[in-house]
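S.K.: Got a predicted model here, sequence first, then my questions.
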Amino acid sequence: MHELDITGEVCPMTFVRTKLRLETMSEGEILRIRLRDGEPLVNVPRALADHGHEVLAVEPLDQSTWQVLVKKR
């Protein structure tokens, strides 16, 4: 499983960094993304689905940090 922490990024860099990481992965591999609540939590999973990737889970880690699991398609 690949991991990416974008808790220090702001939109649109949250998705840009995610997209760049996915480009280095093979189809079917899973990426675990740590991100902040708010705009990144709304935009990143939506953009991943729009680009054809499978969002497997969106789970809270604490009050302001979330984890998104995505399978590259």
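M.R.: It's in. Residues are numbered from 1 along each chain as shown.

S.K.: Does residue 3 touch residue 30 like I think?
M.R.: No. Residue 3 is beyond contact range of residue 30, at 9.8 Å (criterion: Cβ atoms under 8 Å). (Glycine included, C-beta is placed from N, CA and C.)

S.K.: out of the two, which sits in the more crowded spot?
M.R.: Neighbour tally, residue 3 and residue 30, criterion other Cβ atoms under 10 Å: the higher count belongs to residue 30, 15 against 11.

S.K.: In contact with that one: list those residues for me.
M.R.: 1, 2, 56, 69, 70, 71, 72 (Cβ atoms under 8 Å, 6 or more residues apart in numbering).

S.K.: List only those of the residues you listed flagged as buried.
M.R.: Among these, those classed as buried by 16 or more other Cβ atoms under 10 Å are 69, 70, 72.

S.K.: From residue 57, how far off is the last one?
M.R.: Distance, residue 72 to residue 57, using Cβ to Cβ, to the nearest Å: 15 Å.

S.K.: again with the first one
M.R.: Distance, residue 69 to residue 57, using Cβ to Cβ: 4 Å.

S.K.: How about the contacts made by residue 47?
M.R.: By Cβ under 8 Å, 6+ apart, residue 47 lies in contact with 15, 18.

S.K.: which residues touch the most centrally placed residue in the chain?
M.R.: Nearest residue to the geometric centre of the chain (Cα atoms, centre = their mean): residue 33, 4.3 Å. Neighbour list for residue 33: 3, 4, 5, 6, 18, 44, 67, 68, 69, 70 [criterion: Cβ under 8 Å, 6+ apart].

S.K.: so what strands line up beside the one helix or strand it maps to?
M.R.: Take DSSP states H and E as the rule and residue 33 turns out to sit in strand 30-36. When pairing is defined by DSSP bridges, strand 30-36 lines up against strand 2-5 (parallel), strand 65-71 (antiparallel).

S.K.: Adding distance to residue 25 as columns, could you present these in JSON lines?
M.R.: Below are those laid out as JSON lines (distance: least, Cβ to Cβ, whole Å):
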{"stretch": "strand 2-5", "distance to residue 25": "6"}
{"stretch": "strand 65-71", "distance to residue 25": "10"}
